[in-house]
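Colleague: 3D, please:
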Amino acid sequence: MAKNLVSKFMPLFNRVLVQRVAVETKTASGILLPESAQKALNEGTVVAVGAGGRAPDGTKIPMELKIGDSVLLPEYGGQKVKLGDEDFVLYQDNDILGVMSK
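Modeller: As a prediction, the model looks like this:
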């Protein structure tokens with residue numbers, strides 16, 4: 001159901017909707033990690049992008065990010081959004097720290 005809601009959601013201007021990478025709750029050897037030992041990962045996948053921003057003279061600034069990009073996120077910031085039963089974060093494109101190559 002959330003995938004259907006995401007496909008209908010279009011961020012405005014230079015905003016980007018990102019789904020954070022899930023935190024590993026188990027080690028490679030099968031040991032379960034307590035929540036206090038889990039670190040929030042600063043990685044995510046772009047699931048929706050806006051049309052782009054505007055320069056002061058009114059010209060359109062195209063988006064450099066596209067759907068499916070793996071991105072490096074700031075530790076703090078962004079607007080939390082819940083679509084269906086999944087959590088997403090909405091950032092402005094200049095808040096994204098970088099794109100990770102595959």
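
Colleague: what residue ranges in this protein score low on pLDDT?
Modeller: Applying pLDDT under 70 to the chain flags residues 1-7, 35-40.

Colleague: Try it again at 80.
Modeller: By pLDDT under 80, the low-scoring segments of the chain are 1-8, 22-41, 102.

Colleague: How about the contacts made by the residue nearest in space to the middle of it?
Modeller: Centroid-nearest residue in the chain: Val18, 1.7 Å away (criterion: CA atoms, centre = their mean). Val18 makes contact with Gly44, Thr45, Val46, Val47, Val71, Leu73, Gly78, Phe88, Val89, Leu90, Tyr91, Ile96, according to CB atoms under 8 Å, 6 or more residues apart in numbering. Every residue, glycine included, has its C-beta placed from N, CA and C.

Colleague: Show me the strands in the chain, by range?
Modeller: Along the chain, counting by DSSP state E, strands occupy 15-20, 43-49, 53-54, 60-61, 70-72, 79-83, 86-92, 98-100.

Colleague: Quick check: which of those strands is buried the most?
Modeller: Mean neighbour count, computed with mean count of other CB atoms under 10 Å, is highest for strand 15-20 among the strands of the chain, reaching a mean of 22.
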